[in-house]
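Novice: let's see this in three dimensions:
(2 chains)
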There are 2 protein chains.
Amino acid sequence: MINCSLYGVIRQALDSGVVNKLIGARNGITGVLNERFLNLRGISSDVVDKLRRTPGSALGSCRYKVQGKDYETIIDVLSKHEIDIFLYNGGNDSMDTALQVHQLASSSGLELNVIGIPKTIDNDLPSTDRCPGFGSAARYVAQSVRDLGMDISTLPTPISIFEAMGRNAGWLAAASVLARRNPNDAPHLIYLPECSFDPEAFICDVKRVHEKLGWAVVVVSEGLCLASGDPVYSAGGAAQTDAFGHKLPGDVGSFLAGLVSEKLGLRCRSEKPGLCGRSSILLASPVDQKDAEAVGRAAVDAALAGESGKMVSLQPMKSSKEPETSLVSLESVANVERRIPLEWINRRGADVTQEFCDYVRPLIGSELLDYIRL
Amino acid sequence: MINCSLYGVIRQALDSGVVNKLIGARNGITGVLNERFLNLRGISSDVVDKLRRTPGSALGSCRYKVQGKDYETIIDVLSKHEIDIFLYNGGNDSMDTALQVHQLASSSGLELNVIGIPKTIDNDLPSTDRCPGFGSAARYVAQSVRDLGMDISTLPTPISIFEAMGRNAGWLAAASVLARRNPNDAPHLIYLPECSFDPEAFICDVKRVHEKLGWAVVVVSEGLCLASGDPVYSAGGAAQTDAFGHKLPGDVGSFLAGLVSEKLGLRCRSEKPGLCGRSSILLASPVDQKDAEAVGRAAVDAALAGESGKMVSLQPMKSSKEPETSLVSLESVANVERRIPLEWINRRGADVTQEFCDYVRPLIGSELLDYIRL
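Specialist: Residues are numbered from 1 along each chain as shown, chains lettered A, B, ... in the order given. Below you'll find the model as predicted:
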């Protein structure tokens, strides 16, 4: 959805009639540091329109912490190119970068309006009802888990562990709950990084579901941790190595499938769509697409109105209304993670409540595909 | 797509006007053994229509080898229910079951017309141009790898290993080639179980692509084996265990991602959509859906015409024509695996040829979503 926001920025800037120069930095702040710029006014209208249906990040992304003499370089480059508005799109780390640029400009006497545009499929930015990117990835998880349930329920391999993205916050794994229409539908169990993971309770839970239904679909967040704080997939700290002595990367779904096979003697497999779950345009949420465009447009408006050091925030949804935005300070969001409120998770730590469903359902934008059983 | 074939069978049987009783066995041959039958005439027309857009197997599946006194039971049950046509849908193992039922009926003097209906996403049945299920799963792989390429090419994690289904035949992994429009597009490397896998050559290949492009998407079949015949993920035979002493299930994509990280010092991740790749109705191929219905209808026609011991086979596609079927003997297909011809794989064993592309492109049914780059 980051490209929908870019679309919103370009359109709003052009519509404003007061933006002379419109340039994009390649790969975030590293594009500023290296002066790798793209003239966004030079892009044909047709290509700009197609941004709305393009996965990935058209301008590229980076994972770079601004430090040392980068500060001087940034100020020099922005001055040299006569840039007086700086819009930065991303999640927690990106909002921190935007905050640093804002503070740097202030202390350097550079007139620069800095606005953050939220985007993270993890949905873990504070001070906003939701993050662009999340609704579409949530729709992917929910539809995929419903599809998977149809397959697993009729297979000789009766159990599947579906691994959803989300290192510290379980919003995406939790969104799988929308796959369930009836109590016996998949997903039967949902484990989130907000609760410490107990392997024994997990095995009991899976056993109970399997005894009742004969099959089970379990959804886990990639970032599950034990009570000790250690990730589940390297529990105990021992190296997971193959015959060559190579360490195996930890995939928690794969690990838990092995645990089920061993402890319960049941065939168990795992599925991990990974990045495919955030790059599927076919499963994009129309609500999410509107949100992403709206925050891009609002960022342009805020900067042109002279605001700086702020992030565009989305207000809670009202029925069938257009997305409403406001501004919050970058200081309140930079490096802060919003996790699922514990009262939205059931006492067993293996499912979410109706309140969570009510929150997430409108965000996926339209009904999931529904199926029949004979 | 197995439900599309069931749709074809039901519609053709009802249309024929000569089928008095139409029953489905739950979970394949085990449904016959346990007399778990469903009256397919009793299903509303609306529900029958919805079968075409329902993933999984509406009647359920099984993995059971008919043996010992099962034979008597099958004959008894079929006689008791006055069944004189037996249609069986599935892959290599299922065609073997169908063949056994056919031989059993012949030797018991039971008048029974047995017809096999092909279905396997692995596309590895011989004596047919293609298998229903494959075109849709191929479309999923190709679109997902194209989407993934858009994401990975702009990420700080520059390499992804995408694991496709297919234990012994690489048709699905190979179909990812359709994601590529330009030579530098994903997938950059494709490894198939038809060729023995050389970890050192693999690392060289990945290094070369990464040096040239700065990123890489690699597609692997789940069933890759070393020259020794051992699966890649348990190379050397050592147990992969965690701190608890639990064996880890082998995910070849995950394993190879770890190998790349270690050998090349590059961030590398893996994606494994697994069953999600065969249960996505949104990505179903319209050509595949037609094929699946056609083989179901043809099986009814063949049985009513007095044929037995045969499987319905699909003829090579002609441009914009309806699927054409013929019959082949079950003996020629039962337990025989069709792998990708070696002349369709490049000499390096890391890509497929234009001939393969020409074969698979029509099967996915329509163009993939296409994207722009800035």
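Novice: what does the stretch 251-374 of chain A put close to chain B?
Specialist: Within the stretch 251-374 of chain A, the positions lying close to chain B (CB under 8 Å from any CB of the partner chain) are A:251, A:254-255, A:257-259, A:261-262, A:269-276, A:278-283, A:369, A:371-374. Backbone N, C-alpha and C define where each C-beta goes, glycine included.
Novice: equivalent analysis for the stretch 51-200 of chain A, please.
Specialist: So far as CB under 8 Å from any CB goes, the stretch 51-200 of chain A lies against chain B at A:51, A:53-63, A:143-144, A:147-148, A:150-156, A:160, A:162, A:199.
Novice: looking at these, which are in helices?
Specialist: A:143-144, A:147-148, A:150-152, A:199 (DSSP state H).
Novice: just the buried residues out of the residues of the stretch 251-374 of chain A next to chain B, in ChimeraX syntax.
Specialist: Per 16 or more other CB atoms under 10 Å in any protein chain shown, the buried members of those correspond to this ChimeraX selection:
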select /A:251,254,255,257,258,259,261,262,269,270,271,272,273,274,275,276,278,279,280,281,283,371,372,374
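Novice: can you flag which of the residues of the stretch 251-374 of chain A next to chain B belong to strands?
Specialist: Assignment to strands by DSSP state E places the following of these there: A:269-271.
Novice: for those, which one is nearest A:F134?
Specialist: Nearest to A:F134 among these is A:E271, at 20.4 Å by CB to CB.
Novice: please tell me how far the residue lying closest to the closest one once chain neighbours are set aside sits from A:I152.
Specialist: Once flanking residues are discounted, A:E271 sits nearest to B:G274: 3.6 Å by CB to CB, 6 or more residues apart in numbering or on different chains. Counting by CB to CB, to the nearest Å, the gap from B:G274 to A:I152 is 10 Å.
Novice: ok, now A:A216?
Specialist: From A:A216 to A:I152 the distance is 8 Å (CB to CB).
Novice: which residues in chain A form helices?
Specialist: Going by DSSP H, chain A shows helices at A:2-16, A:29-33, A:45-50, A:70-80, A:92-108, A:134-152, A:171-175, A:199-213, A:252-264, A:286-304, A:330-333, A:354-360.
Novice: redo those helices as CSV? Include mean pLDDT.
Specialist: Listed next are the helices of chain A as CSV, based on pLDDT from 0 to 100:
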stretch, mean pLDDT
helix A:2-16, 97
helix A:29-33, 95
helix A:45-50, 96
helix A:70-80, 93
helix A:92-108, 93
helix A:134-152, 97
helix A:171-175, 98
helix A:199-213, 97
helix A:252-264, 91
helix A:286-304, 98
helix A:330-333, 97
helix A:354-360, 97
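Novice: what's the most buried one of those helices?
Specialist: helix A:171-175 (a mean of 30; mean count of other CB atoms under 10 Å in any protein chain shown).
Novice: check which helices and strands that one is in contact with.
Specialist: Other helices and strands packing on helix A:171-175, by 3 or more CB pairs under 8 Å, 6 or more residues apart in numbering or on different chains; DSSP states H and E, are helix A:134-152, strand A:159-164, strand A:189-191, strand A:216-221, helix A:354-360.
Novice: one more time with 7 Å
Specialist: Packing contacts for helix A:171-175, counted by 3 or more CB pairs under 7 Å, 6 or more residues apart in numbering or on different chains; DSSP states H and E, involve helix A:134-152, strand A:216-221.
Novice: A:N168 contacts A:E194, correct?
Specialist: No - using CB atoms under 7 Å, A:N168 is not in contact with A:E194; the gap is 8.6 Å.
Novice: contact partners for A:M150?
Specialist: A:371, B:54-56, B:279 (CB atoms under 7 Å, 6 or more residues apart in numbering or on different chains).
Novice: change it to 10 Å
Specialist: A:179, A:185-186, A:217, A:369, A:371-373, B:3, B:54-58, B:275, B:279, B:281 (CB atoms under 10 Å, 6 or more residues apart in numbering or on different chains).
Novice: also A:L275?
Specialist: Taking CB under 10 Å, 6+ apart, one finds A:55-56, A:121, A:165, B:144, B:147-148, B:150-152, B:155, B:157, B:160, B:162, B:217, B:269-271 in contact with A:L275.
Novice: switch the cut-off to 8 Å
Specialist: With contact taken as CB atoms under 8 Å, 6 or more residues apart in numbering or on different chains, A:L275 is in contact with A:165, B:148, B:151-152, B:160, B:269, B:271.
Novice: ok, so of those residues, who is nearest A:D358?
Specialist: Nearest to A:D358 among the contacts of A:L275, with distances taken as CB to CB, is A:M165, at 22.8 Å.
Novice: residues near the closest one, how many?
Specialist: A:M165: 21 surrounding residues under other CB atoms under 10 Å in any protein chain shown.
Novice: check contacts around A:S108.
Specialist: By CB under 8 Å, 6+ apart, the contact list for A:S108 reads A:I75.
Novice: where's it relative to A:H81, distance?
Specialist: For A:S108, the distance to A:H81 equals 15 Å [CB to CB].
Novice: now do A:E35
Specialist: Noted for A:E35: a distance of 8 Å to A:H81, by CB to CB.
Novice: likewise A:S329?
Specialist: Remark: distance between A:S329 and A:H81 (CB to CB) = 26 Å.
Novice: what do you get for A:M95?
Specialist: Note on A:M95: its distance to A:H81, by CB to CB, is 23 Å.
Novice: rewinding a little: which one of the contacts of A:L275 is nearest A:E355?
Specialist: A:M165 (22.6 Å).
Novice: now the closest one. Nearest residue, chain neighbours left out?
Specialist: A:M165 sits nearest to A:L172 (CB to CB, 6+ apart), 5.4 Å away.
Novice: which one is the residue sitting nearest the centre point of chain A nearest to, not counting chain neighbours?
Specialist: The C-alpha lying nearest the average C-alpha coordinate of chain A belongs to A:I121 (CA atoms, centre = their mean; 1.2 Å). Of all residues beyond its chain neighbours, the one nearest A:I121 is A:A137 (3.9 Å), with distances taken as CB to CB, 6+ apart.
Novice: tally of neighbours for the nearest residue to A:V232 once chain neighbours are set aside?
Specialist: Once flanking residues are discounted, A:V232 sits nearest to A:L224: 4.4 Å by CB to CB, 6+ apart. Number of residues near A:L224 (other CB under 10 Å) recorded here: 27.
Novice: who's in contact with A:F356?
Specialist: The contact partners of A:F356, taken as CB under 8 Å, 6+ apart, are A:174, A:177, A:340, A:344-345.
Novice: ok, it to A:Q143 distance?
Specialist: Applying CB to CB, the value for A:F356 to A:Q143 is 18 Å.
Novice: that older thread, any idea which of the ones in strands among the residues of the stretch 251-374 of chain A next to chain B is closest to chain B?
Specialist: A:E271 (3.6 Å; CB to the nearest CB).
Novice: I figured the closest one was touching A:E163, is that so?
Specialist: Yes - using CB atoms under 8 Å, A:E271 is in contact with A:E163, at 7.1 Å.
Novice: what sits in contact with each of these two?
Specialist: Joint contacts of A:E271 and A:E163 (CB under 8 Å, 6+ apart) are A:G253.
Novice: skip the chain neighbours and tell me the closest residue to A:A175.
Specialist: A:A138 (3.6 Å).
Novice: scratch that, A:P316
Specialist: A:D129 (4.6 Å).
Novice: pull the number of nearby residues for A:S44.
Specialist: Quick note: A:S44 (other CB under 10 Å) scores 9 neighbours.
Novice: what of A:E324?
Specialist: The local packing of A:E324 (other CB under 10 Å) involves 14 other residues.
Novice: please apply the same query to A:I117.
Specialist: 27.
Novice: tell me how far the nearest residue to it once chain neighbours are set aside lies from chain B.
Specialist: Nearest residue to A:I117, sequence neighbours excluded (CB to CB, 6+ apart): A:N89, at 4.1 Å. The gap separating A:N89 from chain B is 12 Å, by CB to the nearest CB, to the nearest Å.
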